[in-house]
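[1] Attaching a predicted model along with its sequence, questions to come.
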Amino acid sequence: MTNLAPPPPHDTPLPPALRGLLRPEAYPHTVESVRVLQTHMSWVILTGPFAYKIKRPVCFPFADFRDPEHRAHLCAEEIRLNRPFAPQLYLGVSPVRLHDGEATFSAEGPVIESAVRMRQFDRADELDALVAAAAVTGDEFSAFGTTLAATHQTLPRRDAQARWGDAPEVTHAIRRNYAECLAMAAPAASSVLLRSLRGPLGRLLHRCEPTLAARATEGRVRECHGDLHLSNLVRLEGRVTPFDALEFEPAFRWIDVADEVAFLCADLQGYRRPDLAAAFLAGYLDGSGDFGLLRVLDLYVAHRALVRAKIMAIRAVAATAAAQRTHWLERHADYLEVARQALEPRRPRLLLMHGLSGSGKTWLARQLSRQLPAVHLRSDLERKRLAGLAPLASAAAPPGAGLYAAEVDERTYARLAAGLRDALAGGHDAICDATFLARARRTAFRDIADEFGAPTLLLDCTAPDAELRRRLRDRKASGRDPSDADETVLDWQRSRDEPLRLEERIMAIEVDTRAADPLADALKGLGAARLRSGS
């Protein structure tokens, strides 16, 4: 089995002008030992409490670091760009000075270099290592998705005159990346697979161009992190935290937020954890409500998977040991498979949750969304979002009044319907999570699915009345759920419940949520339904 974790960065000497930084006395704080790691663009000096990142004077087609003034500017940019994501990590720019012929941070003298000063963290807490060791949960990624959505809302929007994120610019970047990846595909099998992707990639680009243009106009292009993959995430104080935002090329970070989300989704899929990708995406959609990104997500996932495949090929070429070369070529193949799957046409499904409040619909929908995976559209969240309320804000009102009045219901279900169209148009299975007690609403959503040629299945969640009431009391007491339903609402729902007709029961999967494993029961029913339909 392939070892998914990358080899650790290798220790390296500093150039002569900077070797004074290997001395503990070169620092204005206590240092017991100094270790230097080298990346293709930087030296990272580890001192214990702090890390100092110095940009190497290298020149690549995408970045030229040979000018020391430009390196100093990029250090300042790195602080600015990372502060929204990890203010606790990025402390400032420290000048490297020359004192008594030695490089130092602790004394006066002429400035000879600049360094980004950061709080040091343990390499074992980086997310590539944690995911490879199966030491991170879906809930952590879901929480990070919600946090990232909030951070994106604070980031600058693209200036109206700028072209970053325009459909022609995106198309050009994706086609260029494909060509570069093809040029790097040394193994014959990789080359054959990549050539087979040219047609599907071109067709998806063409289909997505109107959506790309619309999203740029809507303000979805922002100054993002730009390099959001697992090696640039760390668990800090129990939270997934991004670092190392991309500072050297503005075009690489002024991107559609969908591109940013897709990068991490592609990387998680490359690590063979589609469940974590689904959890992250669900958290982001819960936090942002940006279901429109689903129309272009697969395009960006394919693009970012090819970016990672290209990087793996570059590392394979540079590897000096046969084992390392084999590792990077295997990872190269993993990401090519992610791109292939993203470009493969899919027939999506609609899963309609059905049942009274407290019947376990949302719990089951959340679990299914990660296992299948599928997009989870939840009425309780969208109702609060439409009202400008936080998910856990109370909007309790008598049944049929306030935030639960008929006209608000209409807007809420219209919001779910719009999200459903976005998901199905992007080829994603969708779970619509509401009571769906009214037959007309069930029919309306089934009609939407029919527009996309998507089969509909009903997940009919049941539990005894006493259990429903107990769950509602417990949920209300916890204060950790967006639903405002209580026992009064439950009684009101019973008086308006329109039972499933025969033609609906044919497509229904009944799930007793008090069973030993209701998730397994639901998955078994969905599998049987897929076999019956031949899809």
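    Structure's in. What do you need?

[2] Show me where the stretch 351-500 of the chain has its helices.
    Per DSSP state H, counting those that start in this stretch, the stretch 351-500 of the chain carries helices over the ranges 361-371, 379-386, 406-425, 439-451, 465-478, 487-494.

[3] Check the residue of the chain most remote from its centre and give its pLDDT.
    The centre of the chain is farthest from one residue, residue 100, which by CA atoms, centre = their mean lies 49.2 Å away. Per-residue pLDDT puts residue 100 at 95.

[4] for residue 492, same thing?
    On the pLDDT scale, residue 492 gets 94.

[5] Same question for the one 3 residues further on.
    At residue 495 the predicted local distance difference test score is 93.

[6] Check residue 170 too.
    Residue 170 is given a pLDDT of 96.

[7] How much space separates the residue farthest from the centre of the chain from residue 107?
    Here residue 100 is placed at a distance of 8 Å from residue 107 (CB to CB, to the nearest Å). Bear in mind the C-beta positions are built from the backbone N, C-alpha and C, glycine included.

[8] same thing with residue 199?
    In terms of CB to CB, residue 199 sits 62 Å off from residue 107.

[9] now do residue 519
    Counting by CB to CB, the gap from residue 519 to residue 107 is 63 Å.

[10] which of the two has more neighbours?
    residue 519 (17 against 13; other CB atoms under 10 Å).

[11] So the more buried one, which state does it fall into?
    Following DSSP: H, G, I helix; E, B strand; the rest coil, residue 519 is assigned to helix.

[12] Quick check: closest non-adjacent residue to it.
    Computed as CB to CB, 6 or more residues apart in numbering, the closest residue to residue 519 that is not its neighbour in sequence is residue 367, at 4.8 Å.

[13] Quick check, pLDDT for the one you found.
    Reading off the confidence values, residue 367 has pLDDT 95.

[14] what's the distance between it and residue 44?
    40 Å.

[15] next one: stretch 486-502 to chain centre, how far?
    Averaging C-alpha coordinates over stretch 486-502 and over its chain gives two centres that are 37 Å apart (CA atoms, centre = their mean, to the nearest Å).

[16] helices or strands up against the longest helix along the chain?
    With secondary structure taken from DSSP state H, the chain has its longest helix at helix 188-218. With contacts taken as 3 or more CB pairs under 8 Å, 6 or more residues apart in numbering; DSSP states H and E, helix 188-218 sits against helix 167-184, strand 254-256, helix 297-318, helix 322-343.

[17] Export these to TSV and append columns for distance to residue 231.
    Converted to TSV, the helices and strands packed on helix 188-218 look like this (distance: least, CB to CB, whole Å):
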stretch	distance to residue 231
helix 167-184	19
strand 254-256	18
helix 297-318	10
helix 322-343	12
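
[18] In TSV, list those along with distance to residue 279 and mean neighbour count.
    Shown next, in TSV, are these (distance: least, CB to CB, whole Å; neighbours: other CB atoms under 10 Å):
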stretch	distance to residue 279	mean neighbour count
helix 167-184	26	17
strand 254-256	21	24
helix 297-318	15	23
helix 322-343	17	19
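
[19] okay, now residue 344: neighbour count?
    With other CB under 10 Å as criterion, residue 344 counts 12.

[20] Identify the spatial nearest neighbour of it, chain neighbours not counted.
    Leaving aside its sequence neighbours, residue 344 sits nearest to residue 200 (CB to CB, 6+ apart; 7.3 Å).

[21] what's the one you found in contact with, if anything?
    343-345 (CB atoms under 8 Å, 6 or more residues apart in numbering).

[22] Let me see the ranges of the helices in the stretch 51-200 of the chain.
    Taking DSSP H, counting those that start in this stretch as the criterion, the stretch 51-200 of the chain carries its helices at 68-82, 127-132, 138-154, 167-184, 188-218.

[23] now, of those helices, which is deepest in the fold?
    Compared across the helices of the stretch 51-200 of the chain, helix 127-132 shows the largest average neighbour count, a mean of 21 (mean count of other CB atoms under 10 Å).

[24] How far away from the center of its chain is that helix?
    Per CA atoms, centre = their mean, the centroid offset for helix 127-132 relative to its chain is 15 Å.

[25] Stretch 502-514 too?
    Averaging C-alpha positions (CA atoms, centre = their mean) puts stretch 502-514 33 Å from its chain's average.

[26] Would you mind measuring the gap between the ends of that stretch?
    End-to-end distance for stretch 502-514: 25 Å, by CA to CA, to the nearest Å.

[27] do the same with stretch 430-442
    Note: stretch 430-442 ends 14 Å apart using CA to CA.

[28] Give me the below-cutoff pLDDT ranges for this structure.
    1-2, 5-12, 186-188, 531-535 (pLDDT under 70).

[29] Excluding chain neighbours, what is closest to the residue nearest to the spatial centre of it?
    Geometric centre of the chain, nearest residue: residue 261, 4.0 Å, by CA atoms, centre = their mean. Spatial nearest neighbour of residue 261, chain neighbours left out: residue 284 (5.5 Å); criterion: CB to CB, 6+ apart.

[30] tally of neighbours for that neighbour?
    Neighbours around residue 284, by other CB under 10 Å: 28.

[31] now swap in the one 4 residues further on and tell me
    For residue 288, the number of neighbouring residues by other CB under 10 Å comes to 21.

[32] Now do the same contact list for it.
    Applying CB under 8 Å, 6+ apart to residue 288 gives the contacts 149, 152-153, 257.

[33] Tell me the spacing between the nearest residue to residue 333 once chain neighbours are set aside and residue 461.
    Leaving aside its sequence neighbours, residue 333 sits nearest to residue 190 (CB to CB, 6+ apart; 6.7 Å). Residue 190 is 46 Å from residue 461, where distance means CB to CB.

[34] quick one: residue 23 and residue 102 touch, right?
    Yes: using CB atoms under 8 Å, residue 23 is in contact with residue 102, at 7.1 Å.

[35] Of the two, which one has the most company?
    It is residue 102, of residue 23 and residue 102, that has more neighbours when counted by other CB under 10 Å, with 18 against 14.

[36] Beta-bridge partners for that one, please?
    According to DSSP bridges, the partner residues bridging residue 102 are residue 99.

[37] wait, it sits on residue 25?
    No: with contact defined as CB under 8 Å, residue 102 does not reach residue 25; the gap is 9.1 Å.

[38] Which neighbours do those two have in common?
    Both residue 102 and residue 25 lack any common contact, where contact means CB under 8 Å, 6+ apart.

[39] And stretch 37-55, how far out from the chain middle?
    The answer for stretch 37-55 is 27 Å, by CA atoms, centre = their mean.

[40] That one: which residues count as buried?
    By 16 or more other CB atoms under 10 Å, the buried positions in stretch 37-55 come out as 37, 42-47, 50-55.

[41] that older thread, for residue 134, find the nearest of the helices and strands packed on helix 188-218.
    For residue 134, the closest of those is helix 322-343, at 16.3 Å, according to CB to CB.

[42] Next, the angle helix 297-318 makes with the closest one.
    160 degrees (axes from the mean of the first three to the mean of the last three CA atoms, to 10 degrees).

[43] Would you mind splitting the protein into its domains for me?
    16-120, 127-343, 350-533 (automatic domain parsing).

[44] Fine by me, we can end here.
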